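*Asks:* give me coordinates for this.
(chains A, B, C and D)
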Protein chains: 2
Amino acid sequence: MSGDSIEEENPQESSWREMAVARSLDPARARAEQRLQRFLDAAMELMAASPGREFTVQEVVERSGQSLRSFYQYFAGKHELLLALFEESVRSSTAQVLAHIDGVDDPLERLRGFTSEYYRICRPSRGTGRGTERGGAGRGVGGSADGAANAASAMADFAQQLLTRHPAEAARAFAPLVSTYESLLDAAADAGAIRDGLDHRRITGVVLQAVMFNSFADTISGSSVEPAEPSAEGLWELLTSGLAAAPATKPSATKSAARRGTPRRPS
Amino acid sequence: MSGDSIEEENPQESSWREMAVARSLDPARARAEQRLQRFLDAAMELMAASPGREFTVQEVVERSGQSLRSFYQYFAGKHELLLALFEESVRSSTAQVLAHIDGVDDPLERLRGFTSEYYRICRPSRGTGRGTERGGAGRGVGGSADGAANAASAMADFAQQLLTRHPAEAARAFAPLVSTYESLLDAAADAGAIRDGLDHRRITGVVLQAVMFNSFADTISGSSVEPAEPSAEGLWELLTSGLAAAPATKPSATKSAARRGTPRRPS
DNA sequence: GCTCGGCGAGAACGGCCCTCTCCTGTGGCG
DNA sequence: CGCCACAGGAGAGGGCCGTTCTCGCCGAGC
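*Replies:* Numbers count the residues shown, from 1 in each chain, chains lettered A, B, ... in the order given. Okay, here's the model as predicted:
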């Protein structure tokens, strides 16, 4: 371990040496990264093109205009491609949701905004709106933010698999989202907006899981795909107030939020 | 739709006709049901034997001592076998959980008992305790309750797939559990134990989903597989009380439950 | 005895992931 | 200008799996 010290030499000498090597390697690296990105883009396009369907490696290869051989040079297997896609999706979703609550100051409101926006993102076939069908491919490494966000719902499909079959990698992939949410919880707790004594890490897991897989709840309860919009509010309201009978000492803000959530379905 | 009325004839004539046909078919039907059950049992044994792993049709066929041909006579595909297994698992889980709260009277306590017991059932590798390795196969159709319950955790693995790929069937399979939970909610609401104005159907979906896939929450938050026991209480407590800052009118039970949840990890 | 339906055995097929080999285009070098 | 190294495309092939199909056995009824 830490065996690179074998090659240590004078700092300045090694520095220009590295520079030279880097200059020689840089184009190669750039090309490699672009090729890799082409695979990622192709996969994203496929997921966006027919959501719910599982693409095949062949399709990715064909769409990317590269070869199977190259694919397995860059990814140890299909699984790694999916993992990379998923990581990027989590990263970009986190960024998007953070941007959404950018101007908000109240910690509880920030928590609410984060939750409901993440809910919206994870909702299938209810993305940012635009299709991104033939979106530009081959940007730099960190460029395609909205494409990733759009595919976030399709990602949830894969998230299950990842969560059950490769928990460690899943945890790593979720890390940015988790730490973000946890710090939002911390801030809310510091402000006294939520109760004390909660295990924020665990709450984070429960909430994110519930939000991400909320569509399952609709399916389980048989309400198919209709409800669409209002359940973000409903979920948030359940999350904050719980089921317990109100002791009638709640501040009125809770009340009004609850009222908006459940307007006696006319069905 | 509703096209079976075409074959309607005189009631009495068709009745003895049916009787005769039934008498002729009955042994055949019995044999058929037993064969079918052998497939189901074999699949359950496989799931119990190596949880998490996905069995193959071949394995089921071999273990059941029957032939591939028979398999496809009884099931349109692997998918239908899984669906049958899943339906049975839901049924038996529902029964088991209902039995668990059998002597309880207080509606809120019944709700709590149902929730936490279902949580326990869905917890992976934390079944009723016994292994059921070479459990008896070939009972009647509705007999193998504990085997099904034990495999419930492995079922969750499949539940995801079913929920995303065949929502209608999934909803049908979940129906008994859903209606049971919903009626528990209704009872609790009638007793004033939970707030008014909640959409019980939707709450049912959300809660069942959260409980069933709670292990995902642990994975997401990175707490791996350690937490085991206490989170059933934690989840129930979150569910009833929510996140909102307590107005200091809660009974002290809430406090003590929360304390157990967050012992400041020494890592 | 002879046929006929149920069923086991298992070959065959197609789709998938992945590996491996062949071969071409390209760029550096004497 | 000829040569070599090598990245990368094309695609055949192997293994696994679900699914289908064919064959042959065996017991039951005419």
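*Asks:* how about the residues of the stretch 51-200 of chain A near DNA strand C?
*Replies:* Contact residues (C-beta under 7 Å from any atom of the strand) of the stretch 51-200 of chain A with DNA strand C: A:E54, A:T56, A:V57, A:Q58, A:L68, A:R69, A:Y72, A:G77, A:K78, A:H79. For glycine as for every other residue, the C-beta is placed from the backbone atoms N, C-alpha and C.
*Asks:* can I get those residues in JSON lines with distance to B:H200 and neighbour count?
*Replies:* Listed next are those as JSON lines, based on distance: C-beta to C-beta, whole Å; neighbours: other C-beta atoms under 10 Å in any protein chain shown:
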{"residue": "A:E54", "distance to B:H200": "35", "neighbour count": "15"}
{"residue": "A:T56", "distance to B:H200": "42", "neighbour count": "11"}
{"residue": "A:V57", "distance to B:H200": "45", "neighbour count": "16"}
{"residue": "A:Q58", "distance to B:H200": "47", "neighbour count": "10"}
{"residue": "A:L68", "distance to B:H200": "52", "neighbour count": "12"}
{"residue": "A:R69", "distance to B:H200": "56", "neighbour count": "8"}
{"residue": "A:Y72", "distance to B:H200": "51", "neighbour count": "14"}
{"residue": "A:G77", "distance to B:H200": "45", "neighbour count": "11"}
{"residue": "A:K78", "distance to B:H200": "42", "neighbour count": "16"}
{"residue": "A:H79", "distance to B:H200": "40", "neighbour count": "15"}
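*Asks:* lowest-confidence one in those residues?
*Replies:* The lowest pLDDT within those belongs to A:E54, with 89.
*Asks:* can you tell me the closest non-neighbouring residue to it?
*Replies:* Leaving out its chain neighbours, the residue that sits closest to A:E54 by C-beta to C-beta, 6 or more residues apart in numbering or on different chains is A:D157, at 7.9 Å.
*Asks:* low-confidence ranges in the stretch 51-200 of chain A?
*Replies:* Residues of the stretch 51-200 of chain A meeting the criterion pLDDT under 70: A:124-154.
*Asks:* repeat that for 90
*Replies:* Across the stretch 51-200 of chain A, the ranges flagged by pLDDT under 90 are A:51-54, A:122-162, A:164-166, A:197.
*Asks:* pull up the residues of it that are close to chain B.
*Replies:* A:52, A:157, A:160-161, A:163-165, A:167-168, A:170-171, A:174-175, A:178, A:188, A:192-199 (C-beta under 8 Å from any C-beta of the partner chain).
*Asks:* which of those residues count as buried?
*Replies:* Neighbour counting with 16 or more other C-beta atoms under 10 Å in any protein chain shown marks A:157, A:160-161, A:163-164, A:167, A:170-171, A:174-175, A:178, A:188, A:193-195, A:197-199 as buried within those.
*Asks:* for DNA strand C, what's the nearest residue on chain A?
*Replies:* Closest approach between chain A and DNA strand C, counting by C-beta to the nearest atom of the strand: A:G77, at 2.8 Å.
*Asks:* the residue in the stretch 1-150 of chain A positioned nearest to chain B and A:L68, how far apart?
*Replies:* Going by C-beta to the nearest C-beta, chain B is nearest to A:G52 of the stretch 1-150 of chain A, at 7.2 Å. Per C-beta to C-beta, to the nearest Å, A:G52 is found 25 Å from A:L68.
*Asks:* check A:E233 too.
*Replies:* For A:E233, the distance to A:L68 (C-beta to C-beta) stands at 47 Å.
*Asks:* same question for A:A168.
*Replies:* Distance, A:A168 to A:L68, using C-beta to C-beta: 28 Å.
*Asks:* surely A:M47 meets A:R63?
*Replies:* No: judged on C-beta atoms under 8 Å, A:M47 makes no contact with A:R63 at a distance of 11.1 Å.
*Asks:* and those two? Which one has more around it.
*Replies:* More crowded of A:M47 and A:R63, by other C-beta atoms under 10 Å in any protein chain shown: A:M47, with 25 against 18.
*Asks:* so after the host helix or strand of A:A159, what's the next helix or strand?
*Replies:* A:A159 belongs to helix A:152-165 when elements are defined using DSSP states H and E. The helix or strand immediately downstream of helix A:152-165 is helix A:167-190, counting by DSSP H and E.
*Asks:* and that next one, what does it pack onto?
*Replies:* Judged by 3 or more C-beta pairs under 8 Å, 6 or more residues apart in numbering or on different chains; DSSP states H and E, the packing partners of helix A:167-190 are helix A:78-100, helix A:107-122, helix A:152-165, helix A:200-212, helix B:214-220.
*Asks:* next, the buried residues of the first one.
*Replies:* It stands for helix A:78-100. So for helix A:78-100, counting by 16+ other C-beta under 10 Å, buried means A:78, A:81-94, A:96-98, A:100.
*Asks:* swap in stretch A:208-227?
*Replies:* Using 16+ other C-beta under 10 Å as the test for burial, stretch A:208-227 gives A:208-223, A:227.
*Asks:* distance check, A:R123 against A:S116.
*Replies:* Here A:R123 is placed at a distance of 11 Å from A:S116 (C-beta to C-beta).
*Asks:* rewinding a little: pretty sure the residue nearest to A:E54 sits against B:R165.
*Replies:* No: at 9.1 Å, A:D157 does not count as touching B:R165 under the criterion of C-beta under 8 Å.
*Asks:* which neighbours do these two have in common?
*Replies:* Listed contacts common to A:D157 and B:R165 are A:G52; contacts here mean C-beta atoms under 8 Å, 6 or more residues apart in numbering or on different chains.
*Asks:* what about stretch A:98-113, how long is it end to end?
*Replies:* Distance between the two ends of stretch A:98-113: 9 Å, counting by C-alpha to C-alpha, to the nearest Å.
*Asks:* give me the buried positions along that stretch.
*Replies:* Residues A:L98, A:H100, A:I101, A:P107, A:L108, A:R110, A:L111, A:R112, A:G113 are the ones in stretch A:98-113 that count as buried (16+ other C-beta under 10 Å).
*Asks:* tell me which two in those residues are the farthest apart.
*Replies:* Greatest spacing in the buried residues of stretch A:98-113, by C-beta to C-beta: A:L98 and A:L108 (16.4 Å).
*Asks:* ok, the closest residue to A:Y74 other than its chain neighbours to A:G77 distance?
*Replies:* Sequence neighbours aside, A:L36 is the residue nearest to A:Y74 in space, at 5.0 Å (criterion: C-beta to C-beta, 6+ apart). Applying C-beta to C-beta, the value for A:L36 to A:G77 is 15 Å.
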